[in-house]
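Engineer: Here's my sequence, what's the structure:
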Amino acid sequence: MKTIIFLVSGDVGNLKFFHFALEKNLISELILIVIADRECGAIEFARKNGIKNSLITYSKSDSHGLNILLDKINPDIVVTNWNKIIDENTLLRHFGKFINLHYSLLPAISYRDWE
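Structural biologist: I've put the predicted structure just below:
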């Protein structure tokens, strides 16, 4: 079973697609979890549709709450759709799991950090 976390701060978008695909049995063996940094359409959608969710406070200087959840859940993929840049320490701590679907940029991490 694979776990995908959606980091959200706005509308439903890609989360809705994955939820629909699960409902229609187009994909299976997948757990969706939503983490929001504010009240928004995506977390409201998660609540209404029985998707596990958490509302946290996050900033680049205070990523403790996010890292506690990521450590506890240990997701396979983290889809970022936040309206903010995620701190480099969080990205390195959970390296290789983040996919950014928001138009903002993730901090640059060089190839040497992969080794």
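
Engineer: which residue ranges form the helices in the chain?
Structural biologist: 14-23, 41-48, 64-73, 88-93 (DSSP state H).

Engineer: Of these, which is nearest Thr3?
Structural biologist: Nearest of the helices of the chain to Thr3, taken as CB to CB: helix 64-73 at 6.3 Å. Quick note: C-beta positions are derived from backbone N, CA and C, even for glycine.

Engineer: If you average the pLDDT over the closest one, what comes out?
Structural biologist: Average pLDDT, helix 64-73: 96.

Engineer: Flag every buried residue along that helix.
Structural biologist: Neighbour-count burial for helix 64-73, counted by 16 or more other CB atoms under 10 Å, picks out Gly65, Leu66, Leu69, Leu70, Ile73.

Engineer: With stretch 23-33 instead?
Structural biologist: Buried, per 16+ other CB under 10 Å, within stretch 23-33: Leu32, Ile33.

Engineer: Would you mind measuring the gap between the ends of that stretch?
Structural biologist: 15 Å (CA to CA, to the nearest Å).

Engineer: swap in stretch 70-89?
Structural biologist: 13 Å.

Engineer: Low-confidence ranges, the chain, go.
Structural biologist: Low-confidence segments of the chain (pLDDT under 70): 102-115.

Engineer: mind listing the strands in it by residue range?
Structural biologist: 2-8, 30-36, 52-55, 77-81, 98-100 (DSSP state E).

Engineer: Redo the ones you listed as TSV? Include distance to Asn14.
Structural biologist: Formatted as TSV, the strands of the chain follow (distance: least, CB to CB, whole Å):
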stretch	distance to Asn14
strand 2-8	7
strand 30-36	10
strand 52-55	15
strand 77-81	6
strand 98-100	10
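
Engineer: Can you say which of these is nearest to Glu88?
Structural biologist: Across the strands of the chain, closest to Glu88 is strand 98-100 (CB to CB), at 11.2 Å.

Engineer: buried ones in that closest one?
Structural biologist: Here strand 98-100 shows Phe98, Asn100 as buried, counting by 16+ other CB under 10 Å.

Engineer: List the neighbouring strands of it plus their orientation.
Structural biologist: strand 77-81 (parallel) (DSSP bridges).

Engineer: gap between the nearest residue to Glu29 once chain neighbours are set aside and Asn100?
Structural biologist: With CB to CB, 6 or more residues apart in numbering as the criterion, Glu29 has its nearest non-adjacent residue at 5.1 Å, and that residue is Met1. Applying CB to CB, to the nearest Å, the value for Met1 to Asn100 is 24 Å.

Engineer: All good on my end, thank you.
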